[in-house]
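>>> have a look at this prediction, sequence included:
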Amino acid sequence: MPANSLMATLGSEVRARRASLSLSQRDVADLAGVSERFVRFVETGKSTVQLEPLVAVLDTLGLELSLRQAGRPGASWTASEPAQ
């Protein structure tokens with residue numbers, strides 16, 4: 001999946017989750033310790049957001065980022081777990 005498409009999908013999911021929790025972008029920013037501008041960048045799919053603040057936003061919303069190696073469905077890592 002191209003980075004722009006991935007970030008657009010991630011942004012849509014973050015926006016939907018925030019709305020389902022009845023939180024404003026400011027609320028999420030305050031809870032995650034990031035700027036409101038950063039939350040806006042995530043939600044609009046900006047492809048150059050930093051990983052650590054992104055994980056803080058996802059954690060605040062009860063979401064996690066998962067990676068898996070192509071061709072190995074059993075091998076995965078989530079942002080809430082330490083990398084091994």
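Arrived safely, thanks for sending. Numbering: from 1, shown residues only.
>>> pull the longest helix from this protein.
What stands out as the longest helix in the chain, according to DSSP state H, is helix 3-20.
>>> distance between that one and the chain's centre?
Averaging C-alpha positions (CA atoms, centre = their mean, to the nearest Å) puts helix 3-20 7 Å from its chain's average.
>>> run through who's touching that helix.
1, 24-25, 28, 39, 42-47, 49, 57-58, 61-63, 65 (CB atoms under 8 Å, 6 or more residues apart in numbering). Glycine gets a C-beta too; all of them are placed from N, C-alpha and C.
>>> which of those fall in helices?
Within those, residues falling in helices by DSSP H are 25, 28, 39, 42-43, 57-58.
>>> most neighbours of all those residues, which one?
Greatest neighbour count in the ones in helices among the contacts of helix 3-20, by other CB atoms under 10 Å, goes to residue 39: 28 neighbours.
>>> ok, now how distant is that residue from residue 70?
For residue 39, the distance to residue 70 (CB to CB, to the nearest Å) stands at 30 Å.
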